[in-house]
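Asks: Here's my sequence, what's the structure:
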Amino acid sequence: MANEFSFPVSRTALAKDGQSWQLEAGPAERQSLTERFNLAALDELKARLVLEHVNNRGLMRLSGELEARYAESCVVTLAAIPRELRTPVDLLLTSAPSAQTASQEVTIDVESEDPPEAVGAEGLDLGELLVQLFASHLEPFPRAPEARLEQSGWGQTNGDTPPAEGPFAALRNWRR
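Replies: Modelled structure (predicted):
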């Protein structure tokens with residue numbers, strides 16, 4: 001699958017300290033991302049990024065800000081819910097080869113900082129990295145503040161009595 005918003009940066013380009021980028025998704029890219037994430041709209045997706053080398057062993061920090069204006073569909077009414085996102089970007093990257101093998105046991109400490117993202121031999125796709133960061137901020141079940149579910153005609157009729165008929169009515173009198 002091709003990335004909808006791709007901005008590949010080679011390992012050679014990542015080797016230069018102090019690099020900065022301003023990325024912005026165009027209309028076709030935003031339309032593809034709208035379909036990928038089932039959004040009502042994606043009006044803007046852009047970022048300002050700076051790459052700084054932390055040490056001479058291949059550790060880098062990518063920092064900046066991601067901004068987006070979009071609309072999600074309410075799961076109750078299907079109405080578009082406008083949203084704005086402005087979030088910092090702060091990621092550690094490493095170009096050093098990983099010393100870990102598949103047979104080693106991995107210990108995860110949820111309180112510690114995330115391990116650095118490994119940069120592959122082909123470099124890094126900053127566009128897809130930003131898309132994944134954007135996706136992590138989407139609501140899984142967006143609901144408009146005024147959306148209400150009316151409980152008429154389904155579920156239990158009053159607080160104590162289960163419906164007389166239904167898929168589990170036959171099990172009501174079943175005993176072991």
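Asks: Show me the strands in the chain, by range?
Replies: 8-9, 20-24, 41-53, 59-73, 80-94, 117-118, 124-125 (DSSP state E).
Asks: In contact with the closest residue to Glu72 other than its chain neighbours, which residues?
Replies: Excluding its sequence neighbours, the residue lying closest to Glu72 (Cβ to Cβ, 6 or more residues apart in numbering) is Pro142, at 3.9 Å. The way it works is simple: take the backbone N, C-alpha and C, and place the C-beta from them, glycine included. Shown in contact with Pro142 (Cβ atoms under 8 Å, 6 or more residues apart in numbering): 72-75, 81.
Asks: Most neighbours among the residues you listed, which one is it?
Replies: Per-residue neighbour counts (other Cβ atoms under 10 Å) across the contacts of Pro142 peak at Glu72, which has 23 neighbours.
Asks: Mind listing the residues bridging to the residue nearest to Glu44 when sequence neighbours are not counted?
Replies: Nearest non-adjacent residue to Glu44, counting by Cβ to Cβ, 6+ apart: Arg69, 4.2 Å away. Here Arg69 sits in beta bridges with Glu44, Glu84, going by DSSP bridges.
Asks: hang on, Arg69 packs against Lys46?
Replies: No: counting by Cβ atoms under 8 Å, Lys46 is not a contact partner of Arg69; they are 9.6 Å apart.
Asks: List the residue ranges of this structure that fall below the pLDDT cut-off.
Replies: Scanning the chain for pLDDT under 70 picks out the ranges 1-2, 97-104, 106, 151-164, 176.
Asks: try 90 this time
Replies: Across the chain, residues meeting the criterion (pLDDT under 90) sit at 1-4, 10-19, 53-59, 93-123, 145-176.
Asks: count of residues packed around Leu93?
Replies: For Leu93, the neighbour count with other Cβ under 10 Å is 19.
Asks: if I look at it, how far off is Gln31?
Replies: Distance of Leu93 to Gln31, computed by Cβ to Cβ, to the nearest Å: 29 Å.
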